Every structure is written in C-alpha cells, then in structure tokens.
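>>> sequence below, structure please.
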Amino acid sequence: MTKIHFIAIGGAAMHNLALAVASKAGYQVTGSDDEIFEPALSHLRDAGLLPDEIGWHPERITPDLDAIILGMHAREDNPELVRARELGIKIYSFPEYLYEQTKDKIRIVVGGSHGKTTTTSMILYVLNRLGIEADYMVGAQIEGFERMVRLSDTAKYAVFEGDEYLTSPLDLRSKFLWYHPHVAILTGIAWDHINVFPTFPEYVDTFRKFVHSIEPKGSFIYFQGDENLRQLALEISECRDLEISTIPYKEYDGDVEMQVFGRHNMQNLQAAMLACHCIGVAPEDFYREISSFTGASNRLEKIFENDRSVAYKDFAHSPSKLKATVNAVRERYPEKKLIACMELHTFSSLMADFLPQYKDCMKEADVAYVYFNPKVIENKRLTPITAEDVRKAFGTKNVEVFTASEALQERLKSEIINHKSEDQGIALLMMSSGTFDGIDVKSFAAELLQ
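Here you go, the predicted model:
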C-alpha cells in the first residue's frame, strides 16, 4: 500500500488530484488544510477523504508515509511540512507529482495568459468523443468527465493545463516548467501575476523557459498574432539540436457550425485541433466532434436564457481575459443591451500599479460595473485603492465602481427593471474568479431576467 498525504488538500487542483490518486488501486490518501470550501468539501467527504478536523497536525506525519504532496496554499513554515522534512519523507509539488506519474506518456501542455482552460477542455472533449484515452489535469469541469484530474496506468497520452504561477512554497518556478511537453501550446502573453513577475520582461521570460522545456523533436503551437510568441518560435527554431517544429495558428474560419463563439474561442479551437493532429487525429474528425462542445464550466458559460435576454458567467479577471470576454458577447449579441459586471479579486488586479492595464477593457459594454471589497485588499496587505482610482484606470464613461456587494446588486436590479419596458433585450455578463462576496450568480441572474 502506497501512503500519500496532501498538505493543503482543499485547493481546487489539489483535492481533484487527491481524488484521482485515491481512485488508483494500492493507494491510501490522507490530507489536511486550515480551510476547505465547496465544492471541495463535498467531494472530499463523499470520497472519505475529508480530514477529521480542520488545521495542521504534525503528528499525522509519520515515517510510514511514502510521499507528501504540497499545495501552494501552505507556507514554508507549515508544521506538517516541517515535520515531513525532519523525517526525510519525499515531498512533491502538485506539478512535480503529475510529471512523475506521466513521464513515460506523450504529454500535451496548454499554456498562455488566457484561454488555456478552454483549449485544454477542447482537446480532452474531442479525445473522449473519439475514444482516445488520456490522463489529464484541467482547471474546470468538462461535460463527460467526472473529475478535473485523471491518472491511470493505461493511457498513452497526458493533457495538462499549464499554469505559469508558482509551483510551491519550496519551489518558486512556474508550474508548467515541470511538464516537459512533447506538444506545447501557447495562446498568448499578456502581463499577469504582477506579485510574482514585477516586470513584463520577467513574465515573458518564464514562457521562454517553458518553450525551451519542450522535449526534443517536439512541437510548439503558438498564436501567430502575438509578437512575443513569434519571437519565441524563432528562438526555438534556431536551436538545431532540439529539432522543435514550430506551428503558428490563427482563428478557425471554417464551415462547421460551432456552439462556442467569440474570436478567442475560435483561436483556442484551432490550437486544440493542431494539438490533436500532432497525435494523429484528422482535422475533419476534430471539427465534427468539437461542433457539439458548449464550453467548460465558468468559461463563458450560459446560465440563463429566455426569449429576450441571456446571461453568462465567466472566470475572466485579468485585462486580456476581461476584454476578450466582453468583446465576444458584444459580437454575439449586437442588438442587446450589454450589462457587464466584473470583480477585482486576484492579487494582481487589486494592485495600484497594475490597475492601468485595465484601460478600455470594458468599453464595448453598454453598462459596465466593477466591484472590489476593500477588506480583501487589507487581508492581502496591499496598498489601498479607491473607487475613483479604479474608475480612472478603466478609463471609459460607461464604468461605475462599487465597494459593497449589496449596492452592486441593487444597482443591477434597478438597471434591469428600468430597461424591461424597452424592446431591446439584455445580455448580462458576470465575471469573477470569486463570488462577488457571496452572490449565487446563476440564481441571481435568473431572478433579474425572469
């Protein structure tokens, strides 16, 4: 019996990895965390993996453990981690363990500042429809997949969403540098994670390292409209000893009708097709199967529709994602009044120095609401920002800023009630990596638009 303990088991990726490992024969999984929220709470409870009590318990770290898997949420002085190091137990980061379990497989890795979850989901969706077995890690729930992580002894392929954020408290490299892909995709580079990459050149450099981590004779698929990616492709093509194939792409413009929409989704779709083609999937088979793909959860996900109005939710929070999502909905529903609402929630988005990156991101909306909670800024120990700072940074007259969730909700209700008497329908877009401080977005949208 292989015994593995997860430190910070409650994370979105960590708890899914724990479920995947626990499902394998011959593995016993335990874990701990100082906070566990839904849906991880229910998932872990249903699998019998929910810790008996919340908190860190170094006495649970015993010499009979075969390995520790360390989540990014834990600190370097975590008492369980300290104990594991004292005992000399093997400690893996999340991406390191994924690589260890798939090092004999053909690995497809999707990276980039935006679109990586959707592109990864598209690849997995098509492989699944075609009956091609693959291990995987993806940052959203996909139709036809029970979990967000799968590890097996039988799959020939592994498909990973490649994140450029830090690996663990003990390893400050980008996660995707662990994966060493045979097929790599980069969708674009738009500055993010300013707390980790304080300058844009430093941010670009971690993608450069990723490209140079591609296995010899591998393939580098990149969006040709990104100047930085074109430069990286040129650099890697000049490394003759690696023999990397560089494959540019633009957006799909074929005849097959798709369920997903927006310029970025058509780019993601084309990148996914090329990755599948690298492992033998014919383009016509890919397009046939992807035509029924409706998207990954929380990625431009339709949550309400009636005969005059529609609502979507999206994970968009960085400037490039925000702009792409707003523009996609504008193009899809040019006749409707577009009410776009987003929450500044991540570390970078709440930094005063980063706010100017949001200039003009929501200008295509008829009405744009931006929300942030000053208490979150305080908890993250950041320099305070004001509503006026945010309004000026976004730079367009359609933007109104809120610092109380209740006020935002009342403003949305008022806006929609006042508009309902008009013939023009509404397209409501709710964007956040959080919850707008407790809003059930799906129920709220239905209540507003019924």
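>>> going forward, measure contacts between C-alpha atoms and count neighbours the same way
OK.
>>> remind me which residues of this structure are low pLDDT?
Scanning the chain for pLDDT under 70 picks out 420-422.
>>> now do the domain split for it, please.
Domain assignment of the chain by automatic domain parsing yields the ranges 2-89, 97-290, 301-449.
>>> would you mind putting those into TSV with mean neighbour count alongside?
What follows is the domains of the chain, written out as TSV (neighbours: other C-alpha atoms under 10 Å):
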stretch	mean neighbour count
domain 2-89	17
domain 97-290	19
domain 301-449	18
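>>> what's stretch 170-179 in contact with?
Stretch 170-179 has contacts (C-alpha atoms under 8 Å, 6 or more residues apart in numbering) with 76, 95-96, 98-99, 107, 109, 111, 162-167, 206, 209-210, 213.
>>> narrow these to those in strands?
Those of the contacts of stretch 170-179 mapping onto strands are R107, V109, G111, L166, T167, per DSSP state E.
>>> look up how far G162 lies from E243.
For E243, the distance to G162 equals 22 Å [C-alpha to C-alpha, to the nearest Å].
>>> sorry, that was for V138
From V138 to G162 the distance is 9 Å (C-alpha to C-alpha).
>>> also A446?
Separation of A446 from G162 (C-alpha to C-alpha) stands at 34 Å.
>>> could you do F176 as well?
5 Å.
>>> quick check: neighbours shared by these two?
Common neighbours of F176 and G162 (C-alpha under 8 Å, 6+ apart) are V109, G111.
>>> contacts only, for H180.
For H180, the contacting residues are R107, F210, S213, I214, E215, by C-alpha under 8 Å, 6+ apart.
>>> again, 7 Å this time
By C-alpha atoms under 7 Å, 6 or more residues apart in numbering, the contact set of H180 is S213, I214, E215.
>>> what's the closest non-adjacent residue to the last one?
So that's E215. Among residues not flanking E215 along the chain, H182 sits closest, at 5.2 Å (C-alpha to C-alpha, 6 or more residues apart in numbering).
>>> hang on, K156 packs against I106?
Yes - counting by C-alpha atoms under 7 Å, I106 is a contact partner of K156 at 6.4 Å.
>>> check which helix or strand covers M430.
Assigned by DSSP states H and E, M430 belongs to strand 426-431.
>>> contact partners of that strand?
With C-alpha under 7 Å, 6+ apart as the test, strand 426-431 has contacts from 308-317, 336-343.
>>> now the element after it, going C-ward?
Using DSSP H and E, the helix or strand that follows strand 426-431 towards the C-terminus is helix 441-449.
>>> restrict that next one to CA atoms and write it as CSV.
Extracted in CSV, the C-alpha atoms of helix 441-449 (Å, rounded to 0.1, in the frame of the first residue of the first chain):
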residue,chain,number,x,y,z
VAL,A,441,-24.6,34.2,-9.8
LYS,A,442,-26.8,31.6,-11.6
SER,A,443,-29.8,32.2,-9.3
PHE,A,444,-29.2,35.9,-9.2
ALA,A,445,-29.2,36.2,-13.0
ALA,A,446,-32.4,34.2,-13.3
GLU,A,447,-34.1,36.4,-10.7
LEU,A,448,-33.0,39.5,-12.5
LEU,A,449,-34.0,38.4,-16.0
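>>> any idea of the angle that helix forms with strand 426-431?
Orientation of helix 441-449 against strand 426-431 (axes from the mean of the first three to the mean of the last three C-alpha atoms, to 10 degrees) gives an angle of 160 degrees.
>>> and helix 441-449, what does it pack onto?
Helix 441-449 is packed against strand 301-305, with contacts defined by 3 or more C-alpha pairs under 7 Å, 6 or more residues apart in numbering; DSSP states H and E.
>>> direction included, what does the strand it packs on pair against?
According to DSSP bridges, strand 301-305 forms sheet pairs with strand 310-314 (antiparallel).
>>> correct me, but I290 touches N128?
No - if you go by C-alpha under 7 Å, I290 and N128 don't touch, sitting 10.7 Å apart.
>>> now the strand holding M430 - C-alpha only, CSV.
Output of strand 426-431 as CSV, limited to C-alpha atoms (Å, rounded to 0.1, in the frame of the first residue of the first chain):
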residue,chain,number,x,y,z
ILE,A,426,-30.4,42.3,-22.2
ALA,A,427,-27.1,40.3,-22.3
LEU,A,428,-25.9,40.1,-18.7
LEU,A,429,-22.2,39.1,-18.2
MET,A,430,-20.9,38.3,-14.7
MET,A,431,-17.1,37.9,-14.5
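>>> can you show me the helices along this protein?
With DSSP state H as the criterion, the chain has helices at 12-22, 40-46, 79-87, 94-102, 116-129, 200-212, 227-237, 263-278, 283-290, 319-332, 374-379, 387-394, 405-419, 441-449.
>>> redo these as CSV? Include distance to T187.
CSV is the format used below for these (distance: least, C-alpha to C-alpha, whole Å):
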stretch, distance to T187
helix 12-22, 21
helix 40-46, 29
helix 79-87, 35
helix 94-102, 20
helix 116-129, 7
helix 200-212, 11
helix 227-237, 9
helix 263-278, 7
helix 283-290, 18
helix 319-332, 11
helix 374-379, 30
helix 387-394, 24
helix 405-419, 33
helix 441-449, 28
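>>> ok, which of the ones you listed comes nearest H193?
H193 lies closest, by C-alpha to C-alpha, to one member of the helices of the chain: helix 200-212, at 8.3 Å.
>>> let me see the contact set for I89.
Shown in contact with I89 (C-alpha under 7 Å, 6+ apart): D66, A67.
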